[in-house]
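>>> no sequence for this one, just the structure:
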């Protein structure tokens, strides 16, 4: 039972009494079949807590918070600036990037982006489910789609930008040169960046271009590879 983790958006504290929403109540009561006085976990950016079922009325689970299990995380900020892609691959990419530790998603509409609208509510649900499954506390944010120019202007001096560029010869990333700013990976559409976009990104102050693979990767493959590399190097 201790493996059941649910994201709870409201503030959590010791002895708090509250109710799960209808979908979460159904999951706890009907799918996992947790009974009164049994425990499960609730989490949000403030930490993770143990909760005990007080009662189940008309299918809605009422609980009381009994103790804190973990405090809030202070992990490295890893942002992902990416081109939206077709639905099934998109869902998979968001799920795996969440599991690997991405803390913010920034959809960018590039010149060669095919999918130009996203279902933010659907993606947020995938992010929450992946966070529950992967034992994360911090749930990544997802922003509205924006163009490259706006992204670069709004994040000037705010991030360490890592540009996954197939055209560069650089294959090494010295993470010791990174500041305490969020690390932001920028990954383009499957048609690659236009030359104008490459020039704009390369003119960003402090940008680090890197080739993560000699092959041309699908967007979702590039995302998984790049985040895995960053995580490995940061943890060395």
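The structure has been received and is ready for your questions. Predicted, not measured: the structure shown is a model, and the values here were computed from it.
>>> Now do the buried residues in the helix or strand that contains residue 131.
When elements are defined using DSSP states H and E, residue 131 is found to belong to helix 120-133. Under the neighbour-count criterion of 16 or more other CB atoms under 10 Å, helix 120-133 has 123-124, 126-128, 130-132 buried. (Each C-beta comes from the backbone N, C-alpha and C, glycine too.)
>>> Quick one: the residues you listed as a markdown table, columns for pLDDT and distance to residue 170 too.
Listed next are the buried residues of helix 120-133 as a markdown table, based on pLDDT from 0 to 100; distance: CB to CB, whole Å:
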| residue | pLDDT | distance to residue 170 |
| --- | --- | --- |
| 123 | 96 | 32 |
| 124 | 96 | 35 |
| 126 | 97 | 33 |
| 127 | 97 | 31 |
| 128 | 96 | 36 |
| 130 | 97 | 31 |
| 131 | 96 | 33 |
| 132 | 96 | 37 |
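>>> out of the residues you listed, who's nearest residue 42?
Closest to residue 42 out of those is residue 132 (10.1 Å), distances taken as CB to CB.
>>> For residue 161, what are phi and psi?
Here is the backbone geometry of residue 161 (degrees, to the nearest 10): phi -90, psi 120.
>>> Likewise for residue 38?
Note on residue 38: backbone dihedrals following degrees, to the nearest 10 are phi -90, psi 160.
>>> ok, so what distance separates it from residue 25?
With the distance defined as CB to CB, to the nearest Å, residue 38 ends up 14 Å from residue 25.
>>> Now the helix or strand containing residue 70: buried residues?
Per DSSP H and E: residue 70 is located in strand 60-71. For strand 60-71, the buried set under the neighbour-count rule, 16+ other CB under 10 Å, comprises 61, 63, 65.
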